[in-house]
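> The sequence and its predicted three-dimensional model are supplied below.
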Amino acid sequence: MFRKILVANRGEIALRVICAAKELGIQTVAVYSEADRYSLHVRFADEAICIGPAKSARSYLDIPSVISAAEITNVDAIHPGYGFLSENANFAEVCETSGIKFIGPSPNVTRLMGLKQEARAAMAKAGLPILPGSPDVVTSVSDALDIAGQIGYPVLVKASAGGGGRGMRIVRSPEELAALMVQAQQEAQAAFNCPDVYIEKFVSAPRHIEFQVLADSYGNVEVFGERECSIQRRHQKLIEEATSVVVTPELRADMTRRLKKAMAEVGYSNAGTVEFLMDENGKLYFIEVNARIQVEHPVTEMITGVDLVKSQILIAAGAKMSDIVPNGVSISGHAIECRINAEHPEKFTPSPGKITALNLPGGIGVRVDTAMYADGVIPPYYDSLAAKLITHGRDRAEAIARMRRALEMFVVEGIHTSIPLHQRILAHPDFEAGKLDTHFLERMFAMAAH
């Protein structure tokens, strides 16, 4: 087992990793920017090192600074959390070269999964269903027109190295294709330093379904059920739940079998999430693999009773899947997560500032993952996620009821938060009925405007 781990992240996920390490008797090192000097992850780690100014490019994304902190504190391993360097294959390689264990997939697999088109080809070869699209990166407009004509409009032009909706354009006719393809390439270059794009069939009102996977270093893979992540705004998830009301036990069993085979074939290890779109006929299509722990991992933990972050550490230290889940994966009840963002609930503008009052909800079936505290400051330099509120119930109705009362009891003063927006969503009859797709929020706002 590791003696000491550096947590290359901030906020709630840094705290989450520290909690898992503490339970395993492992010492922790926090890194922090000057803006995060008084953050909770700095306070609760055994050691802490400032690695640069507020700007993430000069602190949390600065590989030499993170590695220097790891070497100074003589750690055995680095946990990257999510975001920042978590899916950076070069960082994973530098860790390896420096004799430090990277708690995540191997650099080669991370690199493969980061190139969406290559990941798509690998998963198709391994037997997962994929949307019709280009077999490779598309470089010319004439090729793009040929492919789009074959699969039929509308199509999606997508950044190969992308994520979060950047470098993505919906094309509804041949006349739009050239201009939108250039826009996608330019945005991909600016966001990911890679202009490569590919084309796939556009599904107009899909559900977003993802499967949580853990794999050891010996070829053993387990699937921990699915999560429904259809409530989104601009491709950013707001609410996640496990399991999905539209995934039948038969479909779950079929996808579990396929995913075990596919992830073993690509040599995957550690935690990962395989994401799919579901069309109106209930058919799933692979879109990407996130080679890291996800923001929404707590809903899976709540229904399976498995600590996924602790499992990541154990797998990196050499544990087998039979050590993690000796009796296999079992699912119990239903869980929902609301992402509480520090932003105006209607204008969606960031709302950094000092927290003047705070009350966190509790009680049976309620969990809050956060680095907020009274008199603490939400800085303006990073992602607006301030807390994750998770509820678990015997069934979906009980999980919803618990979430409604927990949102009422969640008090944050001094900044705006997305709590009122979540209350609106949970009160909507379509949400209660499980009638979800990725355009749910647009419809809700459109109905309110009339």
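Thanks, I have it. Residues are numbered from 1 along each chain as shown.
> tell me the secondary structure for the residue positioned nearest the centre of the chain?
For the chain, the residue nearest the mean C-alpha position is Gln294 (3.4 Å; Cα atoms, centre = their mean). Put simply, Gln294 is coil when judged by DSSP: H, G, I helix; E, B strand; the rest coil.
> Contacts only, for it.
Counting by Cβ atoms under 8 Å, 6 or more residues apart in numbering, Gln294 makes contact with Tyr82, Glu210, Gln212, Thr273. All C-beta spots, glycine's among them, are computed from the backbone N, C-alpha and C.
> Go through those residues and flag which are in strands.
Glu210, Gln212, Thr273 (DSSP state E).
> Okay, and the beta partners of the second one?
Beta-bridge partners for Gln212, by DSSP bridges, are Thr273.
> Quick check: it touching Thr300?
Yes. At 4.6 Å, Gln212 counts as touching Thr300 under the criterion of Cβ atoms under 8 Å.
> ok so, going back, ranking by neighbours, what's the top pick from the contacts of Gln294?
Gln212 (27 neighbours; other Cβ atoms under 10 Å).
> Look up the pLDDT of it for me, please.
On the pLDDT scale, Gln212 is placed at 98.
> With Gly163 instead?
Taking Gly163 on its own, its pLDDT is 70.
> what does Leu61 give?
At Leu61, pLDDT is 97.
> Distance of the nearest residue to it once chain neighbours are set aside relative to Arg37?
Nearest non-adjacent residue to Leu61, counting by Cβ to Cβ, 6 or more residues apart in numbering: Phe84, 5.9 Å away. Per Cβ to Cβ, to the nearest Å, Phe84 is found 18 Å from Arg37.
> Which one's more surrounded, the two?
The residue with more neighbours, out of Phe84 and Arg37, is Phe84; 21 against 10, by other Cβ under 10 Å.
> Please verify my assumption that that one contacts Ser59.
No. If you go by Cβ under 8 Å, Phe84 and Ser59 don't touch, sitting 9.5 Å apart.
> so where do the strands sit in the stretch 101-250 of the chain?
101-102, 155-159, 168-171, 197-201, 207-215, 221-233, 236-242 (DSSP state E, counting those that start in this stretch).
> just the stretch 351-450 of the chain next, same as before
Counting by DSSP E, counting those that start in this stretch, the strands of the stretch 351-450 of the chain are 353-354, 357-359, 366-370, 377-378, 385-393, 411-413.
> Could you count how many residues lie near Lys388?
22.
> show me what contacts it?
Glu12, Val295, Glu296, Pro298, Glu337, Cys338, Arg339, Ile340, Val368, Asp369, Thr370.
> How about Pro53?
Ser33, Glu34, Ala35, Ser59.
> so which of those comes closest to Val377?
Nearest to Val377 among these, counting by Cβ to Cβ, is Ala35 at 8.4 Å.
> Is the closest residue to the closest one other than its chain neighbours part of a helix or strand, or is it coil?
Residue nearest to Ala35 in three dimensions, not counting chain neighbours: Ala54, with 3.7 Å by Cβ to Cβ, 6+ apart. For Ala54, the reduced secondary structure class is coil; criterion used: three-state DSSP.
> my read: Ala54 touches Tyr32, true?
No. Applying Cβ under 8 Å as the test, Ala54 and Tyr32 come out as separate, 10.3 Å apart.
> what residue ranges in the stretch 351-450 of the chain are flagged as low confidence?
450 (pLDDT under 70).
> typo on my end, the chain
For the chain (pLDDT under 70), the answer is 162, 164, 450.
> Using the record's domain definitions, break it down for me.
4-103, 132-201, 207-449 (automatic domain parsing).
> and of the ones you listed, who's closest to Met113?
Closest approach to Met113 among these (Cβ to Cβ): domain 207-449, 4.3 Å.
> Ile336 - that's part of a strand, no?
Yes. Looking at Ile336 with three-state DSSP, it is inside a strand.
> residues touching the residue nearest to Ala35, list them.
Per Cβ under 8 Å, 6+ apart, neighbours of Ala54: Ser33, Glu34, Ala35, Pro379, Tyr381.
> Test my guess that the first one contacts Gly11.
No. Between Ser33 and Gly11 there is no contact under Cβ under 8 Å: 11.3 Å.
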